[in-house]
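**Student:** What shape does this take:
(chains A and B)
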Amino acid sequence: MPEPVIQARFRVDYAGFSLAVDLELSGRSVTALFGPSGCGKTTLLRCVAGLIRAPGGRMRLNGEVWQDDHAGIWVPTHRRSLGMVFQEASLFSHLSVQKNLEFGMKRTPSASGQELDAVVKLLDIRPLLARKPAHLSGGERQRVAIGRALLVRPSLLLMDEPLASLDATRKLEILPYIERLRDEVKVPILYVSHSLDEVAQLADHLVLLNAGKVVVSGPLGPSLARLDLPTAYGDDAGALIQAVVGEQDERYQLTRIDFAGGSLWVGRVERPSGAPVRARVHARDVSVALTPPVGTSILNVLPAELTQISDAGPDRVHLQLQIGSGGSLLLARITRRSRDVLGLVPGMRVYAQVKGIALM
Amino acid sequence: MSSSDLSTLWLTLKLASVVTVLLLLVGTPIAWWLARTSSRWKGPVGAIVALPLVLPPTVLGFYLLLLLGPHGPIGQLTSWLGLGLLPFTFWGLCVGSVVYSLPFVVQPIQNAFEATGQRPLEVAATLRASPWDSFFTVAVPLAAPGFVTASILGFAHTVGEFGVVLMLGGNIPGETRVVSVQIYDHVEAMEYGRAHGLSLLMVVFSFSILLVLYARRSRALDA
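**Tutor:** The predicted structure is shown next:
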């Protein structure tokens, strides 16, 4: 089977806002459309869905043309093989959960009852089937909305900040389900978000948008470790390390995770050895020392090469650190004063002290 | 109650039922268009629909009489189609009542469509529903309370009309003589007792209708 491909070229001009993108994306994975409010990420998604018709635009999925204004082709939204999850669940309030799920299914000739069962199971929504949307929590509604979108057997799933209207607890409730979609359903997903942590957890590919333009489109890990991108500016800046579960330490209830160039000890992970894990290391949780620290409580100290330094505010700088020779990158945020006191310049050998790791 | 009173009651109910159905058929597309359009004609069309709210029914009846009469464009059209002339017939009364009650039907439906917004229709489109499909399976059911209010108001307002009926329908027993006209006749003939019977019935009917409407509204607010 050829590699699925999304080709999208749109120009939208409103008063005070413009979007101009020309993207070619692998349709095998989760692609995050990331950027600040007003950067055009939702507009881009709506263009892909056909909810906005950008004049002169072009949109192809796996060679199927959805829009090509030069050739006079326009496929309306309801004939596109896509599913969409909106920021608010937008369930049909006059229908039960079951009827909501069946709404798109009934209009998709190839859908089957078995799939309904599988989706209901995947999202744990069986107890909700008879209820009306008004009697569901925000997180439950969003799970139903995701199920409803899956049941039209989309070739592409569009998710427009599906977690943004939920509080932190509900987010944690939904995230695992979206991970399951990624790992089990294997439908390509375009995921709009303004939360870097969400993106780090879910995505494989990052499209960074700013003021209607694509700043970068690349694999997630290396993109997050770049210091020249706006992703490095926020408080949640940090690197993403793709690791696998290594040794378990029964006595101290710790787990070692291994990645190209090194390993880290983290709180116990109940997964078999060799299982993939994503570790998010925030720049604010990494400090550096010139000599191997002694008498420290910090568990994870990694020898590293300082590859880049850049300003991160009036008083701080960001460091990009390469761990071992394997290419895994970390970011560290330190004060400008520490940089001068330690005399840090690119090329130096340092020891990265990692204080906190978020596993996902 | 005399048999002529009963026949006016029956005619009134028949007229209001037919008119309510016609109002929903005519009013729904207008309400839909007014709720969605950003055309510059939205203001003028909305104002024309609302005119019967402020115009004296006699003015409305007068112009309808001219339009539907033998020299009016609609009158000539209906003659040409072999339908004859509408004034002073039951169907002429229906046409007049539809115009007269249109704002009472269009506005609740329009409000309901506007409250529903664009989003449910976008969702329906991403779930493979064509525009017609989503109109009937999403937009209309979501606007159902608006349709109920519109039907009740349209029906009740048609039962209560007088001016347009008199101008356009006259006073033909069994054809155009409705309750309000019959009451007028009783009063003119100094038959206060008979006028009381029908009038009281109208008061009870109108009160019940409004009671139902307001109860619905407060329930909707509670929900």
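**Student:** hey, let's count contacts and neighbours off CA atoms from now on
**Tutor:** Will do.
**Student:** Now do the end-to-end distance for stretch A:190-198.
**Tutor:** Across stretch A:190-198, the terminal residues are separated by 13 Å (C-alpha to C-alpha, to the nearest Å).
**Student:** ok, and for it, which residues are buried?
**Tutor:** By neighbour count on 16 or more other C-alpha atoms under 10 Å in any protein chain shown, the buried set for stretch A:190-198 is A:190-194, A:196-198.
**Student:** Name the nearest of these relative to chain B.
**Tutor:** Checking the buried residues of stretch A:190-198 against chain B by C-alpha to the nearest C-alpha gives residue A:190 as the nearest, at 14.6 Å.
**Student:** ok, so what distance separates the nearest residue to residue A:317 once chain neighbours are set aside from residue B:54?
**Tutor:** Counting by C-alpha to C-alpha, 6 or more residues apart in numbering or on different chains, residue A:317 lies nearest to residue A:311, which is 4.4 Å off, once chain neighbours are set aside. In this structure, residue A:311 and residue B:54 are 69 Å apart, going by C-alpha to C-alpha.
**Student:** Who has more neighbours out of these two?
**Tutor:** residue A:311 (16 against 7; other C-alpha atoms under 10 Å in any protein chain shown).
**Student:** what's the closest of the buried residues of stretch A:190-198 to residue A:64?
**Tutor:** The shortest approach to residue A:64 among those belongs to residue A:190, at 17.2 Å (C-alpha to C-alpha).
**Student:** Assumed the closest one was part of a strand.
**Tutor:** Yes: the assignment for residue A:190 (DSSP: H, G, I helix; E, B strand; the rest coil) places it in a strand.
**Student:** What count of nearby residues applies to the residue in the stretch 151-300 of chain A positioned nearest to chain B?
**Tutor:** Nearest residue of the stretch 151-300 of chain A to chain B (C-alpha to the nearest C-alpha) works out as residue A:152 at 6.6 Å. Per other C-alpha under 10 Å, the neighbour tally for residue A:152 reads 28.
**Student:** from what I can see it touches residue A:108, true?
**Tutor:** Yes: look at residue A:152 against residue A:108 with C-alpha atoms under 8 Å: they come within range, at 5.7 Å.
**Student:** List the residues that are in contact with both of these two.
**Tutor:** Common contact partners of residue A:152 and residue A:108 (C-alpha atoms under 8 Å, 6 or more residues apart in numbering or on different chains): residue B:128.
**Student:** ok, which residues in chain B are in contact with chain A?
**Tutor:** Residues of chain B that fall close to chain A, judged by C-alpha under 8 Å from any C-alpha of the partner chain: B:119-120, B:122-130, B:138, B:141-142.
**Student:** So among these, which ones count as buried?
**Tutor:** Buried subset of the residues of chain B next to chain A (neighbour count, 16+ other C-alpha under 10 Å): B:120, B:122-130, B:138, B:141-142.
**Student:** Out of these, the closest to residue B:194 would be?
**Tutor:** Taking C-alpha to C-alpha as the measure, residue B:194 sits nearest to residue B:141 out of these, at 43.6 Å.
**Student:** Remind me what the helix or strand where the closest one lies packs against, helices and strands.
**Tutor:** Residue B:141 belongs to helix B:140-142 when assigned by DSSP states H and E. Secondary-structure packing of helix B:140-142 (3 or more C-alpha pairs under 8 Å, 6 or more residues apart in numbering or on different chains; DSSP states H and E): no helix or strand packs against it.
**Student:** what pLDDT does the spatially closest residue to residue B:199 that is not a sequence neighbour get?
**Tutor:** Closest residue in space to residue B:199, ignoring its immediate chain neighbours: residue B:183 at 7.0 Å, by C-alpha to C-alpha, 6+ apart. For residue B:183, the model assigns a pLDDT of 92.
**Student:** repeat for residue A:234
**Tutor:** For residue A:234, the model assigns a pLDDT of 75.
**Student:** Quick one: the helices in the chain, in order.
**Tutor:** If you meant another chain, say so; for now it's chain A. A:41-49, A:97-106, A:113-122, A:138-150, A:168-180, A:196-202, A:220-224, A:336-342 (DSSP state H).
**Student:** could you do chain B instead?
**Tutor:** Applying DSSP H to chain B gives helices spanning B:3-36, B:42-54, B:57-68, B:73-80, B:90-116, B:119-126, B:131-134, B:140-142, B:144-159, B:163-168, B:179-188, B:192-222.
**Student:** Can you tell me which of these is nearest to residue A:90?
**Tutor:** Comparing the helices of chain B against residue A:90 with C-alpha to C-alpha, the closest turns out to be helix B:119-126 (6.6 Å).
**Student:** ok, and what's touching that closest one?
**Tutor:** With C-alpha under 8 Å, 6+ apart, helix B:119-126 has contacts from A:49, A:51, A:77-78, A:80, A:82-84, A:90-92, A:104, A:149, B:130-131, B:134-135, B:138-139.
**Student:** Which of the residues you listed are buried? Put it as a ChimeraX command.
**Tutor:** This is the ChimeraX syntax for the buried subset of the contacts of helix B:119-126, where burial follows 16+ other C-alpha under 10 Å:
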select /A:49,51,77,78,80,82,83,84,90,91,92,104,149 /B:130,131,134,135,138,139
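**Student:** Now for the buried residues of stretch A:190-198: which two are most distant?
**Tutor:** Top of the distance list for those (C-alpha to C-alpha): A:190 and A:197, 16.2 Å.
**Student:** If we look just around chain B, which residues of the stretch 101-250 of chain A are in range?
**Tutor:** Checking the stretch 101-250 of chain A against chain B by C-alpha under 8 Å from any C-alpha, the hits are A:103-105, A:107-108, A:149, A:152.
**Student:** Quick check on residue B:118: phi, psi?
**Tutor:** Here is the backbone geometry of residue B:118 (degrees, to the nearest 10): phi -80, psi -30.
**Student:** Could you tell me the model confidence score at it?
**Tutor:** Predicted confidence (pLDDT) at residue B:118: the value is 92.
**Student:** Quick check: the gap between it and chain A.
**Tutor:** Going from residue B:118 to chain A by C-alpha to the nearest C-alpha, to the nearest Å gives 11 Å.
**Student:** Tell me how many other residues surround that residue.
**Tutor:** Residues near residue B:118, counting by other C-alpha under 10 Å, number 12.
**Student:** Over to residue A:349?
**Tutor:** Look at residue A:349: counted by other C-alpha under 10 Å, it has 18 neighbours.
**Student:** Quick one: residues contacting the nearest residue in space to residue A:41 that is not next to it in sequence.
**Tutor:** Nearest non-adjacent residue to residue A:41, counting by C-alpha to C-alpha, 6+ apart: residue A:33, 6.0 Å away. Residue A:33 makes contacts with A:41, A:190-193, A:206-209, as judged by C-alpha under 8 Å, 6+ apart.
**Student:** bridging residues for residue A:33?
**Tutor:** With DSSP bridges as the criterion, residue A:33 is bridged to residue A:192, residue A:207.
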